[in-house]
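Asker: With the input below, show me the fold.
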Amino acid sequence: MIESHINKELEEKIDLYINGQLSREEVDELWAELIQDGNQLDYLKTVANTKAVIESERKKSKVFSLKRSWSYAAAAVVILLVAVLTVVNYPNTQSQTVEPIASIELDYYRSEDGVIGNDSQQEVLKNALALANRGNTSEAITLLEQEVQNASSPNWTAELYLNIGSLYYNSGDYQLATQNFQKVVEKKEVDILTREKGYWYLGNAYFQMNQLDKAQQAIQNAYQLDGAYRRVAKHYLDALASA
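Answerer: Now for the predicted structure:
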């Protein structure tokens, strides 16, 4: 059981994190602990997903409150950040060897500061995700590409390209993945997290094609944005520099 591997102090930190009550420095410290122990990371994922499901069901029942909306957003933030940790292969720090991420975890949750601003946008991503999960990747991509034609918001457009690129990446078509990720990072007006993810995934797509100079530059750009991917980007940069 996960509970048998986690100490009470760390459990309390995770609860505070999910509820948005940790400072940036405390979050960094928590991340440093989590990436060292898969059991602790599993505990975080379990708590975050449980909370997200509960809040989602409350939303379906049309019972809204400021407190509930914040709780749902906080859980969504955790799911998004856990995705960062989940898709990355953390190698032995002594060997300084890294590999491109095997796949990109898709989800349609975003934080309260994210770019998905209404139910119709969430529904588009939810439907695309459902198609992809059933193996209908081409249909999922077509759905998102059609939505791009009608998108007017730079943030929403970037989010669509990010998901299209992710679908291509997971299908092994890294060239088309880079083309879509490039469209994300070219949009200077989009939110920081979306651009950061764009650079991170772009770097990994180049890495998959063994274009290491381009991979290093893209990951460097992600690192310079100084956000959620800074820690893992630094690790990759150090490894690539010594390759």
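Asker: which intervals of this protein have sub-threshold pLDDT?
Answerer: 1-7, 24-25, 28, 31-96, 107-118, 243 (pLDDT under 70).
Asker: hmm, 50 instead?
Answerer: 1-6, 53-54, 57-58, 60-73, 75-76, 79, 86-95, 110-116 (pLDDT under 50).
Asker: Domain ranges for it, per the record?
Answerer: Residue ranges for the domains of the chain, per automatic domain parsing: 1-87, 91-243.
Asker: The nearest residue to Val124 once chain neighbours are set aside: helix or strand, and which one exactly?
Answerer: With sequence-adjacent residues excluded and distances taken as C-beta to C-beta, 6 or more residues apart in numbering, Val124 is closest to Glu147, at 5.3 Å. Yep, even glycine has a C-beta here, placed from its N, CA and C like the rest. Using DSSP states H and E, Glu147 maps to helix 137-150.
Asker: For that helix, which helices and strands make contact with it?
Answerer: Applying 3 or more C-beta pairs under 8 Å, 6 or more residues apart in numbering; DSSP states H and E, we find helix 137-150 packed against helix 119-133, helix 154-170.
Asker: Distance to Lys183 and mean neighbour count added to those helices, as a markdown table?
Answerer: A markdown table is the format used below for the helices and strands packed on helix 137-150 (distance: least, C-beta to C-beta, whole Å; neighbours: other C-beta atoms under 10 Å):
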| stretch | distance to Lys183 | mean neighbour count |
| --- | --- | --- |
| helix 119-133 | 17 | 16 |
| helix 154-170 | 4 | 23 |
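Asker: Export the ones you listed to CSV and append columns for distance to Glu29.
Answerer: Formatted as CSV, the helices and strands packed on helix 137-150 follow (distance: least, C-beta to C-beta, whole Å):
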stretch, distance to Glu29
helix 119-133, 32
helix 154-170, 29
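Asker: Tell me which of the ones you listed lies nearest to Val190.
Answerer: helix 154-170 (4.3 Å; C-beta to C-beta).
Asker: helices or strands up against the closest one?
Answerer: Looks like helix 154-170 contacts helix 119-133, helix 137-150, helix 174-185, helix 192-208 (3+ C-beta pairs under 8 Å, 6+ apart).
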